[in-house]
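> Below is the sequence, then the predicted model.
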Amino acid sequence: MRETAAMEDLQAALKDRNLTVSTVEDKGRCLLATRDFYPGDVIISQESYVCVPNNSSVETRCDGCFATSKLKKCSGCQVVWYCGSTCQREEWKLHRLECEVLSRQEKNKRTSVTPSIRLMVKLYIRRKLQSEKVIPSTATDNYNLVEALVAHMSDINEEQLLLYAQMANLVSLILQWPEINIKEITENFSKFACNAHTICDSELRPLGTGLYPVISIINHSCLPNSVLVFEGRSAVVRAVQHISKGSEVLISYIETAGSTMTRQKPLKEQYLFTCSCPRCVKVGQSDDIRESAILEGYRCKNEKCCGFLIRTNDGKGLQCQECGLVRDMEEIKLIATEVKSLSEDKASKLHTTGNYQEAVAVYKIIEKFQSKLCHPFSISLMQTREKLLKLLMELEHWREALAYCKLTLPVYQRVYPAVHPLLGLQYYTCGKLEWYLGDTEGAVKSLTRAVDILRITHGTNTPFMKELLMKLEEARAEASYQQSSKDK
Ligand SMILES: C[S@@+](CC[C@H](N)C(=O)[O-])C[C@H]1O[C@@H](n2cnc3c(N)ncnc32)[C@H](O)[C@@H]1O
């Protein structure tokens, strides 16, 4: 009864936004558009029901705004950090109770309060405060919406279930509420796994985790018509394609650059479904096999040939489908083992310990090996170049960074649709580097491309977008000044 009323309230609230919740075979609930939406339109935005920053022993963030500087620990619980009194005050209604329960824990046990445990503790505190009317509830902000989320309890494996049960016990020990239901907390951990969202900044760097129960009604597609971005802690879904009235709103839950098998793995493991979007239904078809071999396979022995390779019938080699040359499997394995050991044992350790110069040297060796091993459009080669780009930017080696950025762009253009935030952000990086290096014409081109994409995915009102638009204006003004000087 209570759920029906909550659902009716939600439908009424969504009606004003030209949306409705429906159900679709094999997917469960879904969000439908009741009018046409166009690229850049905000479909829905929502504040989190609860959220936590990704605090760890190496990095801490403010609980209110996720900032990393000028942080002070809450003097009560010594667990939660704030950047100042504004954030602390805004969070106090909820943190007051949390502070109380965390302070009861022995000091050394407080370190076991991981972000997921905190998220659950906060969920229960918010539910309590809403039921006691200390915090107001609305049609889009109430615990009934959390109750309606899918949990997939019958689909998760024993090991996972045991882990959730142990975590639920810990939450119960922290809260020490007599009415607490461990089975329900276990189920809520399972709900977090397939419904919570990673909160990112405008450049898609992860900051925290949040539960947005209305946004969680949106299903996945590897070729989505919408994108989820965050403005501070608010989740905003924008159309990236024309969505006609009656169509389902779809976002992507995963990194969509990758073969069908690569994409299906996390969807199956974390979200417990087999995707049948227009990209996934092509699995096993010749186009799909070709694309997988290009993105995740090896390059032709002839360095001038861009063909893709398929395993020979005897399994001893890989044959180029363009020129017919066969590459020996043993030779491939040898290089692949070298790359693996360099990446895992050396490069990433150097990177995480801040030895950027040495990390660059090792990643350059890896890149050389991968260039011999992988197809020019290979995703792993692109990821190595992406790491080199980031490291070189840290080291302020702008020219080299730009060269790597330019090498990644053709792969970005191939693996992402024309309007994708990561493609827009890569053009932005390219434009900034060109601008620093005095290539005004190049900067205008790249920044224009970045704006064309990011104004659709990110809107135009955030500080991030305002800065990008200002940079483009400056670059354009400089370009026209240079042109007029040439004309004189
Ligand atoms: C965030 S929820 C989305 C809303 C969900 N359909 C519901 O009924 O609440 C994620 C879950 O929805 C289902 N789902 C999402 N996208 C799907 C898709 N493309 N095909 C099949 N199931 C999907 C899966 O069960 C997944 O674990």
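Arrived safely.
> When you work out contacts or count neighbours from here on, use the C-alpha atoms and nothing else.
Will do.
> How about the residues of the stretch 251-400 of the chain by the ligand?
The stretch 251-400 of the chain comes close to the ligand at residues 271-273, 275, as judged by CA under 6 Å from any ligand atom.
> In the residues you listed, which residue is surrounded by the most others?
residue 271 (23 neighbours; other CA atoms under 10 Å).
> my read: that one touches residue 193, true?
Yes: taking CA atoms under 8 Å as the definition, residue 271 is a contact partner of residue 193 at 7.4 Å.
> Just give me the closest of the residues of the stretch 251-400 of the chain next to the ligand to the ligand.
Relative to the ligand, the closest of those is residue 271; by CA to the nearest ligand atom it sits at 3.8 Å.
> Who are the packing partners of the strand or helix carrying residue 484?
Taking DSSP states H and E as the criterion, residue 484 maps to helix 463-487. The contact analysis (3 or more CA pairs under 8 Å, 6 or more residues apart in numbering; DSSP states H and E) places helix 463-487 against helix 440-458.
> buried stuff in the helix it packs on?
440-451, 453-458 (16 or more other CA atoms under 10 Å).
> Same check on stretch 173-183?
For stretch 173-183, a neighbour-count test (16+ other CA under 10 Å) marks 174-175, 182 as buried.
> pLDDT of it, averaged?
Here stretch 173-183 scores 95 as its mean pLDDT.
> what does that stretch contact?
101-102, 104-105, 121, 165, 168-169, 172 (CA atoms under 8 Å, 6 or more residues apart in numbering).
> from the buried residues of stretch 173-183, which are also near the ligand?
Within these, nothing lies near the ligand by CA under 6 Å from any ligand atom.
> Please report how far residue 142 lies from residue 213.
Remark: distance between residue 142 and residue 213 (CA to CA, to the nearest Å) = 9 Å.
> Next: residue 445.
40 Å.
> now, which of the residues of the stretch 251-400 of the chain next to the ligand sits nearest residue 297?
residue 275 (22.6 Å; CA to CA).
> Convert the C-alpha atoms of the one helix or strand residue 294 maps to to CSV, please.
Residue 294 is part of helix 286-296 when elements are defined by DSSP H and E. The C-alpha trace of helix 286-296 is given here as CSV (Å, rounded to 0.1, in the frame of the first residue of the first chain):
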residue,chain,number,x,y,z
SER,A,286,31.8,-10.7,-38.8
ASP,A,287,31.7,-7.0,-38.0
ASP,A,288,31.9,-7.7,-34.3
ILE,A,289,34.8,-10.2,-34.7
ARG,A,290,36.7,-7.7,-36.8
GLU,A,291,36.2,-4.9,-34.3
SER,A,292,37.3,-7.1,-31.4
ALA,A,293,40.4,-8.1,-33.3
ILE,A,294,41.2,-4.5,-34.0
LEU,A,295,40.6,-3.1,-30.5
GLU,A,296,42.0,-6.0,-28.5
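> what two of the contacts of stretch 173-183 are the furthest from one another?
104 and 165 (21.8 Å).
> So for these two, which residue has more residues nearby?
Ranked by neighbour count (other CA under 10 Å), residue 104 and residue 165 place residue 165 first, with 20 against 13.
> secondary structure class for that one?
The local conformation at residue 165, judged by DSSP: H, G, I helix; E, B strand; the rest coil, is helix.
> Quick one: residues contacting it.
Counting by CA under 8 Å, 6+ apart, residue 165 has contacts 182-183, 185-186.
> Likewise for residue 136?
Here residue 136 is in contact with residue 130 (CA under 8 Å, 6+ apart).
> Please repeat the previous calculation with a cut-off of 10 Å.
129-130, 142 (CA atoms under 10 Å, 6 or more residues apart in numbering).
> Could you give the separation of whichever strand or helix holds residue 183 from the chain centroid?
For residue 183, the host element (DSSP H and E) is helix 182-195. The chain centre lies 21 Å from the centre of helix 182-195; the measure is CA atoms, centre = their mean, to the nearest Å.
> what's the answer for stretch 234-252, then?
For stretch 234-252, the distance to the chain centre is 17 Å (CA atoms, centre = their mean).
> start to end distance for it?
End-to-end distance of stretch 234-252 (CA to CA): 18 Å.
> What pLDDT is listed against residue 315?
pLDDT, read off for residue 315, is 89.
> Residue 1 too?
62.
> Could you do residue 485 as well?
Note for residue 485: predicted pLDDT of 85.
> For the ligand, see how far away it is.
56 Å (CA to the nearest ligand atom, to the nearest Å).
> what's that residue in contact with, if anything?
residue 479.
> hang on, the earlier thing: specify which member of the contacts of residue 165 is nearest to the ligand.
Closest approach between the contacts of residue 165 and the ligand, by CA to the nearest ligand atom: residue 186, at 16.2 Å.
> any idea how far the closest one is from residue 171?
Separation of residue 186 from residue 171 (CA to CA) stands at 10 Å.
> Identify the contacts common to those two.
Residues touching both residue 186 and residue 171 (CA under 10 Å, 6+ apart): 120, 165.
> so of the contacts of residue 136, which ones are in helices?
In this view, these that belong to helices under DSSP state H are 129-130.
> Reformat the contacts of residue 136 as JSON lines; add neighbour count, pLDDT and distance to residue 416.
Shown next, in JSON lines, are these (neighbours: other CA atoms under 10 Å; pLDDT from 0 to 100; distance: CA to CA, whole Å):
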{"residue": "129", "neighbour count": "17", "pLDDT": "97", "distance to residue 416": "43"}
{"residue": "130", "neighbour count": "17", "pLDDT": "98", "distance to residue 416": "42"}
{"residue": "142", "neighbour count": "18", "pLDDT": "97", "distance to residue 416": "36"}
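> so which of the contacts of residue 136 also contact the ligand?
Of these, not one also sits near the ligand (CA under 6 Å from any ligand atom).
> just checking, residue 28 touches residue 220?
No: using CA atoms under 10 Å, residue 28 and residue 220 do not qualify as a contacting pair, with a distance of 11.7 Å.
> Which of those two has more residues huddled nearby?
residue 220 (22 against 11).
> Who does that one form a beta bridge with?
residue 251 (DSSP bridges).
> ok, now which ones touch the residue lying closest to residue 226 once chain neighbours are set aside?
Nearest non-adjacent residue to residue 226, counting by CA to CA, 6 or more residues apart in numbering: residue 239, 4.2 Å away. Contacts for residue 239 (CA under 10 Å, 6+ apart) come out as 37-44, 224-228, 249-251, 456-457.
> All set, thanks.
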